[in-house]
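A.B. asks: What follows is a predicted structure for the sequence shown.
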Amino acid sequence: MALLLEVNGKNPAFGDDCWLAPNCTVVGDVVMGDRCTVWFNAVIRGDVNEIRIGNDTNIQDGAVIHCTYQKAGTYIGNQVSIAHNAVVHGCTIHDRVLIGMGAIVMDGAVVHSGAVIAAGAVVLANTIVEANTIYAGMPAKKVKETGADMNEVISRTAKNYPMYASWFKS
């Protein structure tokens, strides 16, 4: 069973039909929309500020979602995929975004809709990632615009994770 903890009188809240892996951790001031999935060893830690997650978002294996005390909450939109071992910290991620494996998005960054953060990229604090672009590297920089093929990948990934979760429901 997932580890769900109250912190300072705040408990995580979940929308309809969410799935939490048995060894994920969700604590404190976390509000999650409908049909979200949180995968094995993922941590969503709303202990020092708030975390808000939209509908149809997946937080994949080993990802960490956190925020900054008295400074920056974390806001994640709808149809967002946060891949394995990514770190999303004190930032805003708009709708239909793909954060690649091992990527890091730091405090104050804003990732606009339709963007892709490449695997291993480091989005520095206060960076503004343009809509419908791919950012890669350390520090992350715009490498190109997304096309129809990448937009399809973003949508397909977000749609697939609730299906994957259904395989674990008994």
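C.D. replies: Okay, I see it. Residues are numbered from 1 along each chain as shown.

A.B. asks: For the longest strand along the chain, buried residues please.
C.D. replies: Using DSSP state E to define each element, the chain has its longest strand at strand 43-53. Judged by neighbour count using 16 or more other CB atoms under 10 Å, the buried positions of strand 43-53 are 43, 44, 45, 46, 47, 48, 49, 51, 52, 53. For the C-beta atoms, the positions are set from N, CA and C on the backbone; glycine is no exception.

A.B. asks: my read: residue 45 touches residue 63, true?
C.D. replies: No - counting by CB atoms under 8 Å, residue 63 is not a contact partner of residue 45; they are 11.2 Å apart.

A.B. asks: which other helices and strands contact the longest strand of the chain?
C.D. replies: Strand 43-53 makes packing contacts with strand 25-32, strand 64-66, strand 74-76 when contacts are defined by 3 or more CB pairs under 8 Å, 6 or more residues apart in numbering; DSSP states H and E.

A.B. asks: thinking again about what came up before, I'd like the buried residues of strand 43-53 as a markdown table, with distance to residue 84 and pLDDT appended.
C.D. replies: Output for the buried residues of strand 43-53, formatted as a markdown table (distance: CB to CB, whole Å; pLDDT from 0 to 100):
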| residue | distance to residue 84 | pLDDT |
| --- | --- | --- |
| 43 | 13 | 98 |
| 44 | 15 | 98 |
| 45 | 18 | 98 |
| 46 | 21 | 98 |
| 47 | 23 | 98 |
| 48 | 24 | 98 |
| 49 | 24 | 98 |
| 51 | 19 | 98 |
| 52 | 22 | 98 |
| 53 | 17 | 98 |
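
A.B. asks: what about the spatially most central residue of the chain, distance to residue 70?
C.D. replies: Averaging the C-alpha coordinates of the chain gives a centre point, and the residue nearest to it by CA atoms, centre = their mean is residue 82 (4.3 Å). With distances taken as CB to CB, to the nearest Å, residue 82 is found 24 Å from residue 70.

A.B. asks: Check residue 143 too.
C.D. replies: Computed with CB to CB, the distance linking residue 143 and residue 70 is 35 Å.

A.B. asks: Ok, residue 40 next?
C.D. replies: For residue 40, the distance to residue 70 under the criterion CB to CB works out to 31 Å.

A.B. asks: okay, the two: which has more neighbours?
C.D. replies: Under the neighbour definition other CB atoms under 10 Å, residue 40 and residue 70 were set side by side, and residue 40 has more, 12 against 7.

A.B. asks: and that one, what does it touch?
C.D. replies: Residue 40 sits next to 21, 22, 23, 24, 61, 62 when contact means CB atoms under 8 Å, 6 or more residues apart in numbering.

A.B. asks: Thank you kindly, that will do.
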